[in-house]
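[1] Predicted coordinates and the sequence they were generated for:
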Amino acid sequence: MSYVVFARKYRPKDFDEIVGQDHITATLKNAIKQDRVAHAYLFSGPRGVGKTTTARILAKALNCEKGPTSSPCNKCISCQEISSSISMDVIEIDGASNRGIDEIRQLRENVKFSPVHGRYKMYIIDEVHMLTQEAFNALLKTLEEPPRHVKFVFATTLAQKVIATVSSRCQRFDFRRVSISDMVSKLKEITKKESIKADEETLFLIAKQAEGSLRDAESILDQLNTFTSGAIKKEDIARILGAVGEELLEDFAQVVVERDTKNALKFIDRLISEGKDLTFLALKLVGHFRNLMVAKLCANPEELIDLPPGSVEKLIDQAKKLSQEEIFYISNIISNAHESMKRNTSVRTIFEMAVIKAAKRASLTSLGEILNKIQDIEKRIENKTVERETACPKRSGKDPINIPSKNETAVKEKTPPSPPIENRNEEAGEESIDDVEFSKIQELWPTLLRIVRTKKISIASYLLEGSPIAIEKGCLAIGFPENYSLHKETLEERTNKLIIEETLKEVFNRPVRIKFITQEARRKAPQGDYSSLSGEKKPIESKMPNEPLIESALEVFDGRIIRKPKR
């Protein structure tokens, strides 16, 4: 007798043996008991979960000599013929190779004939979504009003491709992927009957490799049994199938977590030499980081992770070394690389670049932390009063600055500009910031910060670290601590500087030019000399002798000599 593979040898023979589809078997058994079997069923679901097997068992239940019964005997001629796929009353059709209208026309002619041995003639069309539009249309009338002795069962992995006019004439059952625990139980049963030695962890890895398909799991077990001659180890799975084990994923992910790019590249090279598929590895790596996220977020991750308890504990330990943002970031990089690898030939290069990028990730700040920092800056601007020194400030950039409350600010904003200085020359032209007392500038500085904040909050946050230090020739000098050069450079940008100067004009009712300096620049300048802040050269105090015309010009225009010509 020829060898029969495990997937066929241990195929379920009745509804009770079907694994993981209790919601379907219970409904069909009740339909048989209540004599409410529909004329057409649509079975949809992934491969290897029991769609065709369930259709055959339904055929046996309806045609059994002791039936119709929900528990076929599997001993009568009808049951045995159906189990052996030789029954003339059960016609199985491959939808992929019999997809045309001619085949459906032939089917329509054959349904008129009565069954040979059983009560019903059962048509099982596998991969029914492969039928053409014309074939579907030709089937509609027969499907809607079939002869009483005919039953249809359509099986498909892509139910969405079955046209609505067909699916609406059927009772639809959605088959689920078989859980790993159910597959492990079934594999244990097979290993016991076949005298195969395999521990539970090995069977778990086989079930995980099958990805919900019990038929695939049985085929893998059959292949491994042939290779090992009765004693299967978990190392054999990776060796024979080229599979990526959980330990390998943990080790590879650990290299990425530790930012070890050198060993990461060596790891990839070793995997390639072992014949591993990098595209498949990338897919599994995305799944591993998904498990890390579950371990990071859930109190009981074992409920959502299909791994042995020992592996779940390792995941939890590894997840502690990463933030949520890092896990999202790495997973996104590997996922994008996986998509690119499927479309390109330079698979190794794409994967290596992605792993290096993931390993060299910068420290990521969560959005919540960023928002908290912004709110902290807003509170500092809005709720505290600025304490300033009249001379160069001694405080560090991190000291809090007190800003008046909104009510105080509103009163100050309504305060009219300071009265003009009596000695000011009315004919000299537009009013200058030089006429405003420095103490007044310090007093209104919080108001300035508040108005700037309404225009652009980022400018206000940078300006908050500075303070007014001097006035010279219509130019207001704003000083920053030595290590705050970034603030200075940012505020010196044209758009930012214009916003501050416009706000100064609003507050003091006169044009104001500004200059930003650091503590270091101030220390280098001579004591009391800030003329360079306005872009002016240092004045020469001594007047040129014996030049009455120049002396008269200096007196009329209230000027100073800035350069003495060479004679």
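    Arrived safely. Residues are numbered from 1 along each chain as shown.
[2] so where do the strands sit in the stretch 351-500 of the chain?
    467-472, 475-480 (DSSP state E, counting those that start in this stretch).
[3] How far off centre is the first one?
    On the basis of C-alpha atoms, centre = their mean, to the nearest Å, strand 467-472 sits 50 Å off its chain's mean C-alpha point.
[4] On the three-state scheme, the residue lying closest to residue 61 once chain neighbours are set aside is what?
    Excluding its sequence neighbours, the residue lying closest to residue 61 (C-beta to C-beta, 6 or more residues apart in numbering) is residue 72, at 5.0 Å. Heads up, the C-betas are built off the backbone N, CA and C, glycines and all. Recorded secondary structure, residue 72: coil (DSSP: H, G, I helix; E, B strand; the rest coil).
[5] would residue 280 count as being in a strand?
    No: the assignment for residue 280, made by three-state DSSP, is helix rather than a strand.
[6] count of neighbours near it?
    14 (other C-beta atoms under 10 Å).
[7] Report the contact partners of it.
    residue 244 (C-beta atoms under 8 Å, 6 or more residues apart in numbering).
[8] hey, where'd the strands end up in the protein?
    40-44, 90-94, 121-126, 150-156, 171-174, 467-472, 475-480, 513-518 (DSSP state E).
[9] got the contact list for the second one?
    Going back to what we said before, that points to strand 90-94. 52, 56, 59, 63, 81-82, 85, 103, 107, 110, 121-127.
[10] Need the per-residue pLDDT for residue 66.
    Residue 66 carries a pLDDT value of 88.
[11] Going by neighbour count, list what's buried in stretch 174-188.
    175, 177-178, 180, 182-184, 186-187 (16 or more other C-beta atoms under 10 Å).
[12] How about stretch 267-276?
    Neighbour counts using 16+ other C-beta under 10 Å place 267-268, 271, 276 of stretch 267-276 among the buried residues.
[13] how many neighbours does residue 506 have?
    For residue 506, the number of neighbouring residues by other C-beta under 10 Å comes to 12.
[14] Not counting sequence-adjacent ones, nearest residue to it?
    residue 451 (6.6 Å).
[15] how close does that neighbour sit to residue 186?
    Distance, residue 451 to residue 186, by C-beta to C-beta, to the nearest Å: 74 Å.
[16] swap in residue 343?
    Taking C-beta to C-beta, one finds residue 343 at 38 Å from residue 186.
[17] What of residue 170?
    29 Å.
[18] Residue 233 too?
    20 Å.
[19] my read: residue 337 touches residue 350, true?
    Yes: using C-beta atoms under 8 Å, residue 337 is in contact with residue 350, at 5.4 Å.
[20] coming back round to it: to residue 43, which of the strands of the stretch 351-500 of the chain lies closest?
    Residue 43 lies closest to strand 475-480 among the strands of the stretch 351-500 of the chain, at 73.6 Å (C-beta to C-beta).
[21] low-scoring stretches of the stretch 451-567 of the chain, by residue?
    By pLDDT under 70, the weakly predicted segments of the stretch 451-567 of the chain are 519-567.
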